[in-house]
Every structure is written in structure tokens, then in C-alpha cells.
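Student: Provided below for reference: sequence and predicted model.
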Amino acid sequence: MEPSSLYATLVLSGFLLIGIEIFLPGGILGIIGALLWLAAAAVGYFQFAAPWNTLSAIGLLLLLILTFIIWIRFFPKSRVGRGLTLTDNLDHSQSHNQLTVSVDDAGESISNLRPAGIAHIKGKRHDVMADADWIEAGKPIRVVSTQNATITVREVPPCD
């Protein structure tokens, strides 16, 4: 492939991948597009005659920096960006999982606790953590601690 066509292919491919990144966010396509622009800058620097080699490399690097600045500045305000961004103010919200249980409350494991799972305690479902061993679903449990919004439970041994 001729150097000028390789250069044009790299620049256009990078531009296309960065453009697709707007609609398929995740970062991978944008990073690959930026790397293609860097490769185009290197190809342009080593293949073109002076002063076009330096102007080409500097121009592509400036274009890459400008694209990044525009992306950071304007994408969150765009229709697509607003759809992907959480804008709700959660200052006055309350946690859904407020602890309504206390130590020694009894319940039953709904799912297998290996070690985390779901249990039914005081008429409500709660995310819980098994204290020591894994606990199978349907076993009686007792709350042994409630620290940092984590409910730790232990299986109640069967009465003989």
C-alpha cells in the first residue's frame, strides 16, 4: 500500500471509530481510533517530505487533543450523552435497604447463602451474609450482627 493511501486509511478509520464511539460507548473503539490517528501521525512523519511530515504529525496530535476536549466538554450535554448519564439528585433520598432488623432476630434463608444471599427476616427480604459456613435455602437463621448495613446471619441448629 502506498504511504499516502495508508496515511489516509489510518486517518479516516480513526475518525470513523471515534465517531462510532458516540453511539456505542465503552471506550474501546475511541481508544482504537486514537491509536490509529497516532499511527497515521507516525506514517506521515516518516513518509512525507519536510515540512509536511512535521505539520502532519503535529496536526493529527492537535486534532486528537481537540477531539478529546470537545468530547469531554460537549458529549455529556448532547442528547445521547444525557441518555447515558445519571442526572438525578440523590441528596434527599433514603436507602432502600435500611436496616429494620436487630441482633437475635430469626428468619429463614430464601436462597443459598454462599456466603451472601437473600433471607426472609421480620416479614421482609434482606440481603444477608453467612457468618461461617454456607447455608442452604430454606434453613432457619438468626442475625448475629448488623454492621455497616451488612446483616450477618448464622444457621440455627435443629432442636433435638
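Tutor: Perfect, thanks for sending it.

Student: Residue for residue, what is the longest helix this structure has?
Tutor: Ranked by number of residues, the top helix in the chain under DSSP state H is helix 52-74.

Student: so how far is that one off the chain centroid?
Tutor: Relative to its chain's centre, helix 52-74 lies at 27 Å (Cα atoms, centre = their mean, to the nearest Å).

Student: With stretch 133-146 instead?
Tutor: 32 Å.

Student: Now it - C-alpha only, CSV.
Tutor: Provided in CSV are the C-alpha atoms of stretch 133-146 (Å, rounded to 0.1, in the frame of the first residue of the first chain):
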residue,chain,number,x,y,z
ASP,A,133,-20.5,-21.9,56.8
TRP,A,134,-22.6,-21.8,53.7
ILE,A,135,-26.3,-22.0,54.5
GLU,A,136,-28.7,-23.8,52.2
ALA,A,137,-32.0,-22.3,51.1
GLY,A,138,-34.9,-22.9,53.5
LYS,A,139,-32.8,-23.2,56.7
PRO,A,140,-33.7,-21.3,59.8
ILE,A,141,-31.2,-18.5,60.6
ARG,A,142,-30.5,-15.9,63.3
VAL,A,143,-29.0,-12.4,62.9
VAL,A,144,-25.6,-12.3,64.7
SER,A,145,-24.5,-8.8,63.7
THR,A,146,-25.6,-5.7,61.7
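
Student: From the rest of the structure, what touches that stretch?
Tutor: 99, 101-115, 117, 119, 121, 128, 131, 151-156 (Cβ atoms under 8 Å, 6 or more residues apart in numbering). For glycine as for every other residue, the C-beta is placed from the backbone atoms N, C-alpha and C.

Student: buried set for that stretch?
Tutor: Buried residues in stretch 133-146, counting neighbours by 16 or more other Cβ atoms under 10 Å, are found at 135, 139-143, 146.
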